[in-house]
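**Student:** below is the structure, and that's it, no one-letter string:
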């Protein structure tokens, strides 16, 4: 335990960003992301990030715009945001991916207003699903820290060149104090090569980024982004392995499993609830229940093949979502898992639950109740495809 | 695993107390986790923070519902909050109170009272009791070594303030050890 030190999750992530040697950090504070950028502004002011330029901008819209300018000029960039801040960036998120700029941004996941909530769920990043950004989700502060150099290495690959969000749960992970290994500068330098893009904005060699595209060429630009995402599928796996070789820690590549091999009931989840589920599964396995967990680490690119392979022997699949598509009454994992299984020979019922919205706590008992409902659904079939697991009926 | 719930009011340093407990437990060679209850941060409003201590890495991320120990920084909270809520059968509540032990009789759990405010005024010179109660916690429960609490507190607060807080931890520890 000698390398471990008790720090706040936000500090672990800010420190991880620091050792990735960013050149430019434009950031705007917003709860629960604030501690990350406070720490980074302190590091920058102390001269601990070399010649890094920390830009205090007047909004998230400015932050993402500055990120684009800096990245196009060849700088490695970093920023962090959440919720309304991420939503304010929405329009420019498309520009970043369309211009093939490998921005790295930590998202401290938080619910969307109204009603105002500063607490955790996944609605903010899920709502940015189609902006062409890679999205990875971490289950604990260590994974969130370790994910930072990993996403740089993934998105700066010349075959990928797409921006990435490293998502971890606001408050639950940003504000927890626990033992974490702070990323070593020498190991990070060994793991992550300097940013060396093939194309940059350079007055001596003028190029145009994000130019006008008429209907005869537009689709091809979009298709090439898809090719970048496809390349990321493999890269996310190899980068996780390379990280493991150098640092000795591994959290899965695109996905990870817990008691998955012989599981009849497969819970599917992302983020901090993974830890609680693992504890519950230890208990249920001791009782002889064949329950397993499929952790989704990469939401974009969506690991369709890996998921099909992981769930193919299950009796029932139970996606657990911290988001909702209102009008479809299900969360993003539920919709995408079902879509992944269609047009295959896999015919397994999918029983979706939504919970933990707006920071509502997810106690172990809630997971156990979901498992017992899944057991009944194996026998009796599914009557409701998707529902809230923690709705307070008395308030309706 | 041992689970601790800390009740206080905004501004009393409950979250800091939970963090320092986690740091001290780690110093003892254990795994730990500290986090605030995710409420609105306002001075004076009731605040809850949690610490978990275990021999193995801690994965659970839900709030603490059945604490082994409860620390109450402000006895006026007893009227507003069920400080004993969910406490384990052999659990213990440590309450900062002056002499008002009458109210404590209504609490349905084992209670130990400490006049942390007096210790804070005597030793630190200000009525800030969060670090004092950490000393009391170590003395009453034996879950964490006194030296580890003192190290965590001493490293968090620098200079004279740090020294005074460490001395207050010591005083509270001895006061509780005598009771326990």
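**Tutor:** Yep, it's here. In this text the structure is predicted, and so the values were computed from the model without any measurement.
**Student:** for residue B:117, what are its contacts?
**Tutor:** Residue B:117 sits next to B:96, B:98, B:127, B:129 when contact means C-beta atoms under 8 Å, 6 or more residues apart in numbering or on different chains. Any C-beta I mention is one placed from the backbone N, CA and C, and that applies to glycine too.
**Student:** what's the spacing between the residue lying closest to the last one once chain neighbours are set aside and residue B:134?
**Tutor:** Read it as residue B:129. Spatial nearest neighbour of residue B:129, excluding adjacent residues (C-beta to C-beta, 6 or more residues apart in numbering or on different chains): residue B:116 at 4.0 Å. Counting by C-beta to C-beta, to the nearest Å, the gap from residue B:116 to residue B:134 is 10 Å.
**Student:** intersection of neighbour lists for those two?
**Tutor:** residue B:172.
**Student:** in chain A, spot the helix with the most residues.
**Tutor:** Secondary structure of chain A read by DSSP state H shows that its longest helix is helix A:218-247.
**Student:** right, and the helix or strand after that helix?
**Tutor:** strand A:255-258 (DSSP states H and E).
**Student:** can you list the strands that that next one pairs with?
**Tutor:** Strand A:255-258 has these partner strands in its sheet, going by DSSP bridges: strand A:291-296 (antiparallel).
**Student:** pLDDT of the partner strand, averaged?
**Tutor:** Strand A:291-296 shows a mean pLDDT of 98.
**Student:** what's the answer for stretch A:199-214, then?
**Tutor:** 94.
**Student:** what sits up against that stretch?
**Tutor:** With C-beta under 8 Å, 6+ apart, stretch A:199-214 has contacts from A:72, A:73, A:74, A:95, A:98, A:99, A:101, A:221.
**Student:** with pLDDT added, can I get those in a markdown table?
**Tutor:** Shown next, in a markdown table, are those (pLDDT from 0 to 100):
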| residue | pLDDT |
| --- | --- |
| A:72 | 98 |
| A:73 | 97 |
| A:74 | 97 |
| A:95 | 97 |
| A:98 | 97 |
| A:99 | 97 |
| A:101 | 98 |
| A:221 | 96 |
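**Student:** grab the nearest non-local neighbour of the closest residue to chain A within chain B.
**Tutor:** Closest to chain A within chain B is residue B:59: 3.5 Å, counting by C-beta to the nearest C-beta. In space, and not counting its chain neighbours, residue B:59 is closest to residue A:275: 3.5 Å by C-beta to C-beta, 6+ apart.
**Student:** repeat for residue A:39
**Tutor:** Once flanking residues are discounted, residue A:39 sits nearest to residue A:14: 3.6 Å by C-beta to C-beta, 6+ apart.
**Student:** residue A:196: how many residues sit nearby?
**Tutor:** 10 (other C-beta atoms under 10 Å in any protein chain shown).
**Student:** what's the pLDDT at it?
**Tutor:** 96.
**Student:** ok, now how distant is it from chain B?
**Tutor:** 38 Å (C-beta to the nearest C-beta, to the nearest Å).
**Student:** what of residue A:350?
**Tutor:** Taking C-beta to the nearest C-beta, one finds residue A:350 at 25 Å from chain B.
**Student:** tell me which element the residue in chain A that chain B sits nearest to falls in.
**Tutor:** Residue nearest to chain B within chain A: residue A:275 (3.5 Å; C-beta to the nearest C-beta). Per DSSP H and E, residue A:275 falls inside helix A:273-286.
**Student:** which secondary structure elements does the strand or helix carrying residue A:11 contact?
**Tutor:** For residue A:11, the host element (DSSP H and E) is helix A:9-19. Where contact means 3 or more C-beta pairs under 8 Å, 6 or more residues apart in numbering or on different chains; DSSP states H and E, helix A:9-19 is packed against helix A:34-45, strand A:78-81, strand A:104-109, helix A:141-155, strand A:177-181.
**Student:** having no further points to raise, I will conclude here.
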